[in-house]
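Asker: Take this sequence and fold it.
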Amino acid sequence: MTLAEPVSATEAPRAITELREAVRKVAVLQSVNSILGWDQETMMPEGGLDWRATQQATLASMAHATFTGAEMGDRI
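Answerer: Now for the predicted structure:
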């Protein structure tokens with residue numbers, strides 16, 4: 001594992017903004033997944049379980065890939 005080059009003082013605001021945007025994307029994906037989970041337990045029509053499982057798995061995969069990807073590591 002190699003460490004990224006330090007960010008200069010002039011680049012720091014941009015780097016922090018990019019990190020915040022990436023973390024925000026993960027938070028949005030996770031919150032949408034939570035809403036789908038709530039809907040599944042309270043209002044989802046019968047027969048929708050397979051599609052809902054696909055939706056939630058896709059969102060979880062996207063959140064995981066964003067949070068654990070190389071770009072996130074570079075931002076940190």
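
Asker: which residue ranges form the strands in this structure?
Answerer: Assigned by DSSP state E, the chain shows no strands.

Asker: the longest helix in it is where?
Answerer: With secondary structure taken from DSSP state H, the chain has its longest helix at helix 12-42.

Asker: Contact partners for the residue nearest to the spatial centre of the chain?
Answerer: For the chain, the residue nearest the mean C-alpha position is V26 (2.2 Å; Cα atoms, centre = their mean). For V26, the contact set (Cβ atoms under 8 Å, 6 or more residues apart in numbering) comprises A63, T66, F67. Using the backbone N, CA and C atoms, a C-beta is placed for each residue, glycine as well.

Asker: any idea how far it lies from G37?
Answerer: V26 sits 16 Å away from G37, going by Cβ to Cβ, to the nearest Å.

Asker: cool, and A70?
Answerer: Taking Cβ to Cβ, one finds A70 at 29 Å from G37.

Asker: out of these two, which sits in the more crowded spot?
Answerer: Neighbour tally, A70 and G37, criterion other Cβ atoms under 10 Å: the higher count belongs to G37, 13 against 7.

Asker: For that one, give me its contacts.
Answerer: Q56.

Asker: Tell me the pLDDT of it.
Answerer: Here, the pLDDT recorded for G37 equals 96.

Asker: cool, and E41?
Answerer: 94.
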